[in-house]
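Enquirer: quick one, what's the 3D model for this:
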Amino acid sequence: QVQLVESGGGLVQAGGSLRLSCGASGRTFMGWFRQAPGKEREFVAAISLSGGSTYYADSVKGRFTISRDNAKNTVYLQINSLKPEDTARYYCAARTSTTSTTVFDRYTYHYWGQGTQVTVSS
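Expert: Numbering: from 1, shown residues only. Sure thing, here's the model as predicted:
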């Protein structure tokens, strides 16, 4: 069983930065997703077991960076140049599959945190 706990969300002005953290018990392939009110949960970023491979949604490339510290069982999402459209609840997710072609698919993740809210004001 993998337990996930996110932290680091908050209210920030456009152009600002945040770093989200996800404490995970157990090492698995990790991802970040987000869900805005009235919208589907969407893929943001993912990272392999070793941290050597990372994957990003086109909408966040160049602004978001996913990383992990396996010694601390923690995954991070550094978010820079925040935009109002980044406002959403951000969820950490974990899965056992290592198939890279499906990292974008939320249905391949079996474990989810409770989420942390990110609100960007214009």
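
Enquirer: what helix or strand is the residue nearest the centre of the chain located in?
Expert: Nearest to the mean C-alpha position of the chain, by CA atoms, centre = their mean, lies residue 32 at 2.1 Å. Element membership of residue 32 [criterion: DSSP states H and E] is strand 29-35.

Enquirer: ok, residues contacting that strand?
Expert: Strand 29-35 has contacts (CB atoms under 8 Å, 6 or more residues apart in numbering) with 20, 22, 24, 41-49, 66, 68, 75, 77, 86, 88-98, 103, 106, 109, 115, 118. In short, each C-beta sits where N, CA and C put it, glycine included.

Enquirer: go with 7 Å
Expert: Contacts with strand 29-35, where a contact means CB atoms under 7 Å, 6 or more residues apart in numbering, come from 22, 24, 41-49, 66, 68, 75, 77, 88-95, 97-98, 103, 106, 109.

Enquirer: tally of neighbours for residue 80?
Expert: Residue neighbour count, defined by other CB atoms under 10 Å, stands at 14 for residue 80.

Enquirer: how many residues are close by the nearest residue to it once chain neighbours are set aside?
Expert: Distances taken as CB to CB, 6 or more residues apart in numbering place residue 17 nearest to residue 80, at 4.8 Å, with adjacent residues excluded. Taking other CB under 10 Å as the neighbour definition, residue 17 ends up with a count of 11.
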